[in-house]
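Visitor: Please find the sequence and the predicted model below.
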Amino acid sequence: MQKVRIGFIGAGWWATSNHMPLLAAREDVEMAAVCGKDADLLAAVQEEFHFPFATEDHTALLAQGLDGVVVTSPHHLHFEHARDALLAGCHVMCEKPLTLHAHQAWELVRIAQERNLHLIVPYGWHYLPYINEAKALLDRGVVGEIEYVMCHMASPTKDLFSGSTVSPANWTPTYTEPNPMTWQEKSQGGGYAHGQITHSSGLMFWLTGLRAKAVSARARHSPDSQVDLYDAAAVVFENGALGMISGAATLPNDSKFQLDVRVFGSEGVFNLDIDRARLDVLRHDGDNIHVDVPVDAGMYNCDGPPARFVELIQGGAVNNSPGEVGARSVELIDAMLRSAAEGGTPVAV
């Protein structure tokens, strides 16, 4: 099979630590072009991953006849870069959050659909066998009609969002520290909601198929910056179900993440505790389901999305993290932050 020509818009810590090494190791991928803003970093990345073309102008990159583009630029630039790549006829894998605002996210979805292009958001958990088993259970309707959802995430990321450091605990960038403005500046998508609830809410929406309709939220900020460290939201979904979405950045630095999704329905309750590797369904008819899960089954990795991106471009496989899921996450977070800014006033999604 002819090699898939891939370009990168963004050459920072996550691109060089995860996506580039994984794609460069594939025989069916040509690392064709890379774009970044730091000239020294760009030169080092070009040499390390053997990109024949490097530029500081993403429009020049898009003129290189690419099949797919990976967008790993700062959060507030995702929309522009992903939109331009789609309009250039490229399939796109865009880092989360897909965009910062709902209308932008749905615009990307629309362009991709109209042009028959793949738009994938690299939610790593969506590609783990254990999580796919959880998805299959809910798709079977084991809880009946969904009536209530609880989704909670916590992470050891206080220092990252408060500005004490530019690197989260246990994350080691290859070439550069992450752009602190991306995490610590509100206008650029800083804070826990865009930084972490994007993970948990994307998973919730993919598992359940729900879509938020209205949100009432509160946020608590870091004393050292104006981005959120804590978020709590009461949600009404389009099917009438209720939900509570929460997040906290203040686990101790030597802790692993927490991520729980619980789905209450007319026929039973679905429990997914990713950090504790638990998956079961408690049904009202007593026909309960317990899945034996290896203790490390929920450990986060993002190997799956880059591989699936290539397979999608080649014409096979299923997109476990499509743009539509990313857009539902964005519109929830957008509404949460708007409501929190208004003191918890309910807002429409």
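Guide: Alright, I've got the coordinates. Just so it is clear, the structure is predicted and the values come from calculations on it, not from any experiment.
Visitor: Only the buried residues of stretch 249-262, if you could.
Guide: By neighbour count with 16 or more other Cβ atoms under 10 Å, stretch 249-262 contains the buried residues Ala249, Thr250, Leu251, Lys256, Phe257, Gln258, Leu259, Asp260, Val261, Arg262. Glycine gets a C-beta too; all of them are placed from N, C-alpha and C.
Visitor: Quick check: mean pLDDT of that stretch?
Guide: With pLDDT averaged residue by residue, stretch 249-262 scores 94.
Visitor: what comes into contact with that stretch?
Guide: 125, 149-161, 169, 192, 196, 199-200, 203-204, 207, 229-230, 269-275, 298, 300 (Cβ atoms under 8 Å, 6 or more residues apart in numbering).
Visitor: cool, and stretch 301-318?
Guide: Stretch 301-318 has contacts (Cβ under 8 Å, 6+ apart) with 1, 4, 6, 18-19, 22-23, 26, 28-29, 67-68, 70, 91, 93, 118, 120-124, 126-128, 319-321.
Visitor: how about a cut-off of 6 Å?
Guide: 4, 18-19, 22-23, 29, 67-68, 91, 93, 118, 120, 122, 124, 127, 319 (Cβ atoms under 6 Å, 6 or more residues apart in numbering).
Visitor: in this protein, what secondary structure element scores lowest on mean pLDDT?
Guide: None of the helices or strands of the chain scores lower by mean pLDDT, DSSP states H and E than helix 180-184, at a mean of 79.
Visitor: Show me what the strand or helix carrying Ser216 packs onto, helices and strands only.
Guide: Assigned by DSSP states H and E, Ser216 belongs to strand 212-221. If you count contacts as 3 or more Cβ pairs under 6 Å, 6 or more residues apart in numbering; DSSP states H and E, strand 212-221 packs onto strand 228-237, helix 323-341.
Visitor: For Leu282, see how far away Gly240 is.
Guide: Separation of Gly240 from Leu282 (Cβ to Cβ, to the nearest Å): 22 Å.
Visitor: spatially speaking, which residue is in the middle of this protein?
Guide: In the chain, the residue lying closest to the centroid (Cα atoms, centre = their mean) is Lys96, at 3.7 Å.
Visitor: Show the pLDDT at it.
Guide: 97.
Visitor: so it makes contact with Gly124?
Guide: No: contact between Lys96 and Gly124 fails when scored by Cβ atoms under 6 Å: they sit 9.9 Å apart.
Visitor: With Ala102 as the reference, measure out to the residue nearest to Val236 when sequence neighbours are not counted.
Guide: In space, and not counting its chain neighbours, Val236 is closest to Ala214: 4.5 Å by Cβ to Cβ, 6 or more residues apart in numbering. According to Cβ to Cβ, Ala214 stands 13 Å off from Ala102.
Visitor: More neighbours: these two, which one.
Guide: Applying other Cβ atoms under 10 Å to Ala214 and Ala102 shows that Ala102 carries more neighbours, namely 20 against 15.
Visitor: Distance-wise, check the more buried one relative to Asp334.
Guide: 5 Å.
Visitor: same question, Arg308
Guide: Using Cβ to Cβ, Arg308 is found at 26 Å from Asp334.
Visitor: The closest residue to His75 other than its chain neighbours: neighbour count?
Guide: Nearest residue to His75 in three dimensions, chain neighbours excluded: Gly189, at 3.0 Å (Cβ to Cβ, 6+ apart). Per other Cβ under 10 Å, the neighbour tally for Gly189 reads 24.
Visitor: same deal with Cys151?
Guide: For Cys151, the count of nearby residues is 26 (other Cβ under 10 Å).
Visitor: How confident was the prediction at the residue nearest to it when sequence neighbours are not counted?
Guide: Excluding its sequence neighbours, the residue lying closest to Cys151 (Cβ to Cβ, 6+ apart) is Met204, at 4.4 Å. Reported pLDDT at Met204 in the predicted model: 98.
Visitor: do the same with Ser266
Guide: pLDDT, Ser266: 98.
Visitor: Equivalent analysis for Val235, please.
Guide: 98.
Visitor: Trp171 too?
Guide: 44.
Visitor: Please apply the same query to Gly7.
Guide: On the pLDDT scale, Gly7 gets 98.
Visitor: Helix, strand, or coil at it?
Guide: strand (DSSP: H, G, I helix; E, B strand; the rest coil).
Visitor: One more: Leu86?
Guide: Three-state call for Leu86 (three-state DSSP): helix.
Visitor: Report how many residues lie close to the residue nearest to Gly190 when sequence neighbours are not counted.
Guide: Of all residues not flanking Gly190 in the chain, Val227 sits nearest, at 4.1 Å (Cβ to Cβ, 6+ apart). Counted with other Cβ under 10 Å, the neighbours of Val227 add up to 26.
Visitor: now swap in Gly10 and tell me
Guide: Residues near Gly10, counting by other Cβ under 10 Å, number 26.
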